[in-house]
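> sequence and predicted structure are below.
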Amino acid sequence: MSSSAASVLDLVPGLLREYFKERWDATYPAAPWHDDAASGSLFWNGSQAGTVPLGQVTITKGSGKIGTSEDLRGKLCAKDTILFGGLRCRVLEPITKTSLTVNTKPEIEGTFDAFGLEIRCERNAPSNMAGSFEKHVLPGNLSSWDITLLLFALVNSSHQLLQCTAAQQEPGTAKCGECYCCKAQALLTNIRNLRNNDYGHVQQCGIKAEQSEKAQNIIMAFVKHCLPHKESAIEKQIGDLGNLNLTSDI
Ligand SMILES: [Zn+2]
């Protein structure tokens, strides 16, 4: 039995961690990733201070529904954070032209300046995964992030680390499928499928040579596009794994 495909798959978490850090740093150059709790909190909770002016809000004591002086529909969505009058609240839907709802019933009343976060909190975590994601994200230590969390962070997170360039230029347009980010997303989808479809199988019955080759091709295609500076190093690593398996098969 050759275990080379399983070994090749073992390279995936490390590669995804490196790519996540690159994309985070490219997205937020002023707040590069440091593998610490400050980075983890930035990902999960967003910036600490509210620095983005959102006009004024009018609060009625005890009511979560607040009036807004600006139409905030393009600036905030559900789960976003809004700060006013010393409070930090989460936004609930619906958001209308003149109002929104927050997740608390403020004990204050009156009109206050409102602010949003420069780096917004994570809003896309599926509810059944949010607890486990949060536990691993907050310490900020990438070595504890598994493939599921890394793929979420790269592909599905509201931080949009791989946002289609065309959609970015013209909000509302569908993905172009052609730009750097769309290609990276497709390559990451291949890795997700490889993990979902093949990895369980690998562990149960060992791996056939062609599956091993397929895994290598998928991983190398990802490395070429997303981590080109690692290409020769990873090629060598995969080659070494192959030799190791050849030797152990004799
Ligand atoms: Zn695109």
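Now that the structure is in, tell me what you want to look at.
> quick one: the residue positioned nearest the centre of the chain and the ion, what's the gap?
The centroid of the chain falls nearest to Ala153 when counting by CA atoms, centre = their mean (1.8 Å). Ala153 sits at a distance of 19 Å from the ion (criterion: CB to the ion, to the nearest Å). (Glycine included, C-beta is placed from N, CA and C.)
> just give the closest residue to that residue, not the sequence neighbours.
Counting by CB to CB, 6 or more residues apart in numbering, Phe20 is the residue found nearest to Ala153 once chain neighbours are left out, at 5.5 Å.
> which strand or helix spans Pro53?
Element membership for Pro53 (DSSP states H and E) is strand 50-59.
> next secondary structure after the helix-or-strand element of the chain with minimal mean pLDDT?
One helix or strand of the chain scores below all others by mean pLDDT, DSSP states H and E: helix 200-205, with a mean of 55. Sequence-wise, the next helix or strand downstream of helix 200-205 (DSSP H and E) is helix 209-226.
> give the rounded mean pLDDT of that following helix.
Helix 209-226 carries an average pLDDT of 90.
> walk me through the domains of the protein.
Using automatic domain parsing, the domain ranges for the chain come out as 4-39+129-249, 47-117.
> comparing these by mean pLDDT, which bottoms out?
Across the domains of the chain, the lowest-scoring stretch is domain 4-39+129-249, with a mean of 89.
> hang on, the earlier thing: which elements pack onto the helix or strand hosting the residue nearest to Ala153?
Per DSSP H and E: Phe20 is located in helix 12-27. Applying 3 or more CB pairs under 8 Å, 6 or more residues apart in numbering; DSSP states H and E, one finds that helix 12-27 contacts helix 147-151, helix 209-226.
> what angle sits between that helix and helix 209-226?
Helix 12-27 and helix 209-226 are oriented at 20 degrees to each other (axes from the mean of the first three to the mean of the last three CA atoms, to 10 degrees).
> buried ones in helix 12-27?
The neighbour-count check on helix 12-27 (16 or more other CB atoms under 10 Å) flags 12-13, 15-21, 23-24 as buried.
> okay, the residue nearest to Ala153 and Asp113: tell me how far apart.
Distance, Phe20 to Asp113, by CB to CB, to the nearest Å: 35 Å.
> tell me where the chain has strands.
Using DSSP state E, the strands of the chain run over residues 50-59, 65-68, 81-84, 87-92, 99-102, 110-117.
> can I get the fourth one in PDB? Just the C-alpha atoms.
Taking only C-alpha atoms (Å, rounded to 0.1, in the frame of the first residue of the first chain), the coordinates of strand 87-92 have been written out as PDB:
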ATOM      1  CA  LEU A  87     -22.500  51.200  23.400                       C
ATOM      2  CA  ARG A  88     -21.200  48.600  21.000                       C
ATOM      3  CA  CYS A  89     -24.100  46.700  19.400                       C
ATOM      4  CA  ARG A  90     -24.700  44.100  16.700                       C
ATOM      5  CA  VAL A  91     -27.000  45.000  13.900                       C
ATOM      6  CA  LEU A  92     -30.100  42.900  13.200                       C
END
